[in-house]
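1. Sequence first, then the predicted structure:
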Amino acid sequence: MRRAVVLFIVLVVLLGTLLGLRLVRDRRAAEGPPGGSGVVEGTVVDVRSRLNARVVSLHVEEGSRVEKGALLATLECAEPEALLAEAEARLEMTRAQAHAAEASALASLRTSEAVAAQADGTQAQIESLAAQHGLAARHAERMELMGDAVTVAARDQARAQAEALSQQLAASRHSNSAASRQARAATEQQRASHEQALAAAQAVQAAEASVRRSRLSVAECELRAPLSGAVETLALDVGELALPGTVLARLVDTSNPRATFYLPNAELSSVRSGEPSTVRADAYPDRTFPARVITVAPKAEFTPRNVQTRTDRDRLVYPVEVRIEDPEGLLLPGMPVEITLSERSTAVAERRP
């Protein structure tokens, strides 16, 4: 009986000691700098297919590290390459048509200029013949007025000369009218040829755009890394069909690791964006990593339905994200860490009214 009492007393003392130590540790933690637990996160990028094609080959393995621009996978490219060849052939054809249209427009311009010059020449000829006809007609009238003073042959010759010039003048006027119509027609033809040349040039631009689009499709046959990082997953194997929008690989960039922890409402005043902090990882117990707060969420999480009492308000927590300095790349995504805010920021928060 006495032995049982002794064991009971020893057990009570031991439990009391453990409880006291736990209370002391909790109190020291509460009095220490604020912080919390989190996991290391990296920048995650999904590499997606833009084509409906089969996977021909994979050039990386899961877990391997790749540099930006590295070839990840090759897709079957027969159809995009055929479309590119067709677009390039159409481009050559439209360029030839554009050259022909330009030559036709230039020829039409030269023809229009020649016809216009011809019309100007006939107009000058009309003016010259009109002057000559006027002189011949007045000479014939004077010969008629002179009567028997001149011979009949001379009078007939004067009238014949005036009549001939009159006929030449009429013919020149007809020629000028025809030349003017030809000039107008040549001008319209030149304008139409110019419009055709412009349309051909626009067709060349459209064909060039089609070639660029086809080349982009061919370039999508090779999926490359958009950033440096580790290959977390490869979603497809060789021979599987990649549909547009299908995730083929997931990359994680660990060059700028981050971690998120949660601060209760009562400790929110102790943190501001840009303030320093310290990170410890279980994998490296004797080492700390400097970090800096980059964001403090403006909205609480795990919020009670009705916030009415002080206890309820203390249950509000706010996500805080820090960026960790890890130039050696020791911290891997998913690794648990402990984040502690610097004592300087805690002291500043305590001095705030």
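-> Looks like it came in fine.
2. what does stretch 92-106 rub up against?
-> 190, 193-194, 196-197, 199-201, 203-204, 206-207 (CB atoms under 8 Å, 6 or more residues apart in numbering). To be clear about C-beta, it is placed using only N, CA and C from the backbone, and glycine gets the same treatment.
3. try 10 Å
-> 189-208, 210 (CB atoms under 10 Å, 6 or more residues apart in numbering).
4. Please parse the chain into its domains.
-> What automatic domain parsing lists as the domains of the chain is 35-65+231-351, 79-218.
5. Nearest to A73 among the ones you listed would be which one?
-> Nearest to A73 among the domains of the chain is domain 35-65+231-351 (5.1 Å), distances taken as CB to CB.
6. what distance separates the closest one from the middle of the whole chain?
-> 29 Å (CA atoms, centre = their mean, to the nearest Å).
7. go on, stretch 89-106?
-> 31 Å.
8. just to revisit the earlier point, output the domains of the chain in CSV, with mean neighbour count, mean pLDDT and distance to I9 appended to each entry.
-> Shown next, in CSV, are the domains of the chain (neighbours: other CB atoms under 10 Å; pLDDT from 0 to 100; distance: least, CB to CB, whole Å):
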stretch, mean neighbour count, mean pLDDT, distance to I9
domain 35-65+231-351, 16, 82, 36
domain 79-218, 15, 77, 83
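9. Nearest to L11 among those domains would be which one?
-> For L11, the closest of those is domain 35-65+231-351, at 32.6 Å, according to CB to CB.
10. Paired strands for the longest strand along the chain, with orientation please.
-> Secondary structure of the chain read by DSSP state E shows that its longest strand is strand 247-264. Pairing partners of strand 247-264, with direction, according to DSSP bridges: strand 35-48 (antiparallel), strand 229-234 (antiparallel), strand 317-324 (antiparallel).
11. which residues in the protein form helices?
-> In the chain, the helices defined using DSSP state H lie at 2-31, 78-146, 152-219, 310-314, 343-351.
12. thought V322 was touching L263?
-> No. Counting by CB atoms under 10 Å, V322 sits too far from L263 to count as a contact (11.5 Å).
13. any common contacting residues for the two?
-> Overlap of the contact sets of V322 and L263 (by CB under 10 Å, 6+ apart) consists of 35, 271, 339, 341.
14. OK, contacts around the last one?
-> Going back to what we said before, that points to L341. 32-36, 261, 263, 267, 270-272, 275-278, 291, 293, 320, 322, 349.
15. Could you point out the bridge partners of it in the sheet?
-> Here L341 sits in beta bridges with S277, going by DSSP bridges.
16. I'd like the numbering to begin with 40 instead of 1 from here.
-> With the count now opening at 40, the last piece we talked about shows up as L380.
17. how close does it sit to A245?
-> 60 Å (CB to CB, to the nearest Å).
18. now swap in S147 and tell me
-> Note on S147: its distance to A245, by CB to CB, is 24 Å.
19. Equivalent analysis for V99, please.
-> Taking CB to CB, one finds V99 at 39 Å from A245.
20. What's the end-to-end length of stretch 301-321?
-> Start and end residues of stretch 301-321 are separated by 19 Å (CA to CA, to the nearest Å).
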